[in-house]
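**Student:** quick one, what's the 3D model for this:
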Amino acid sequence: MKIALVTGANRGIGLAVARRLARDCGHVIVAARKSDAGAEAADRLSREGFSVSSLTMDVSDPASVRAAAAEVSERVGHLDVLVNNAGILPEATNADPKEVLDLAMFEQTYATNVLGPVAVVEAFLPLIRKSPAGRIVNVSSTVGSLAHQTDPNSPWHSMVVPAYQSSKAALNAITIVLSKALADTSIKVTSVCPGWVQTDLAPGNKEQAPVTPEEAAEVIAQAAALSTADATGTFIDAHGPVKW
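**Tutor:** Got it, this is the predicted structure:
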């Protein structure tokens, strides 16, 4: 049975991805920081007819991640798809930053957006290696693209959220090095920008963003279902390749 795990899957993009992957996978594990939120999301999807279960995991807590991986190993023994979706943007609500570069913002953001995926991949990679075609999808953002940040013609050029942007650039670098390190395996790694999505990530997103969580889930599902002929170590969005 094909097993998928999605972090931060109790709402927004994560919930939509869990629902979308449940159409293709035998079972989806809904990972959430709070046990009640994960259980509620899993119950919701179960009532829709999907095979899902919940998993309590705080990606910013390495001990929690290791315990979650041990639980998944005991439950199902392997993992076919890992979607690193959990992410935060505290700068969006930081009305009074200490300076352009705010160390507290970097520490908070990196704990979830960078160190979180690292901890998750480290803990779950032994389970992914047991899959005949493991897939790791890192949910990134075009605002972290160095090409877009330095291109005056980019719609994202004027955005200045240093901790978030650099965290996604770091996640992209992780995608690249992982793909090279795993090149002699059947595992493929992809960074995906889901677009500007109607979520709670930042104030105004739900009212102003043009992309629904369900639409965002499609491009993530595409990366989760790469064929053996598809390239690993790429950065994509709904329109195709994104410049690093």
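**Student:** how far off centre is the helix or strand of the chain with the lowest mean pLDDT?
**Tutor:** Within the chain, confidence by mean pLDDT, DSSP states H and E is lowest for helix 205-208 among all helices and strands, at a mean of 72. Chain-centre distance of helix 205-208: 20 Å, with Cα atoms, centre = their mean, to the nearest Å.
**Student:** for the longest helix along the chain, which outside residues touch it?
**Tutor:** In the chain, assigned by DSSP state H, the helix with the most residues is helix 162-181. Helix 162-181 is contacted from outside by 84, 89-92, 100-102, 105-106, 108-110, 113-114, 117-118, 121, 136, 138, 140-141, 143-146, 149, 159, 188-191, 232-233, 235, 244, using Cβ atoms under 8 Å, 6 or more residues apart in numbering. Glycine gets a C-beta too; all of them are placed from N, C-alpha and C.
**Student:** in strands, which of the residues you listed appear?
**Tutor:** Residues of those located in strands (DSSP state E): 84, 136, 138, 188-191, 235.
**Student:** let me know the closest of those to Ser154.
**Tutor:** Phe235 (14.6 Å; Cβ to Cβ).
**Student:** and that closest one, how many residues sit next to it?
**Tutor:** Counted with other Cβ atoms under 10 Å, residues neighbouring Phe235 total 21.
**Student:** for it, what are its contacts?
**Tutor:** Residues near Phe235 by Cβ under 8 Å, 6+ apart: 140, 145, 172, 175, 190-193, 241-244.
**Student:** redo that, cut-off 6 Å
**Tutor:** The contact partners of Phe235, by Cβ atoms under 6 Å, 6 or more residues apart in numbering, come to 172, 191, 242, 244.
**Student:** any idea of the pLDDT on the second one?
**Tutor:** Right, the one you point to is Ser191. Ser191 is assigned a predicted lDDT (pLDDT) of 98.
**Student:** contact partners for it?
**Tutor:** 138, 140, 172, 175, 235.
**Student:** what does the pLDDT read for the spatially most central residue of the chain?
**Tutor:** Residue closest to the average C-alpha location in the chain (Cα atoms, centre = their mean): Asn85, at 2.1 Å. What the model reports as pLDDT for Asn85 is 98.
**Student:** that one against Ala16, yeah?
**Tutor:** No - in this structure, Asn85 is not within contact of Ala16 by Cβ atoms under 6 Å, at 9.7 Å.
**Student:** show me which of the contacts of helix 162-181 are buried.
**Tutor:** Using 16 or more other Cβ atoms under 10 Å as the burial test, these include 84, 89-91, 102, 105-106, 108-110, 113-114, 117-118, 121, 136, 138, 140-141, 143-145, 149, 188-191, 232-233, 235, 244 as buried.
**Student:** could you list the low-pLDDT ranges of the protein?
**Tutor:** Along the chain, segments meeting pLDDT under 70 span 95, 202, 204, 210.
**Student:** where do the helices of it begin and end?
**Tutor:** Using DSSP H, helices in the chain cover 12-22, 35-47, 62-75, 103-113, 115-128, 146-149, 162-181, 205-208, 213-224.
**Student:** nearest to Ile29, of those helices?
**Tutor:** Of all these, helix 62-75 comes closest under Cβ to Cβ, at 6.5 Å.
**Student:** and that closest one, what's buried?
**Tutor:** Buried-residue list, helix 62-75, by 16+ other Cβ under 10 Å: 62, 64-65, 67-69, 72-73.
**Student:** among the helices of the chain, which is the most enclosed?
**Tutor:** Greatest average neighbour count among the helices of the chain goes to helix 12-22 (a mean of 26), per mean count of other Cβ atoms under 10 Å.
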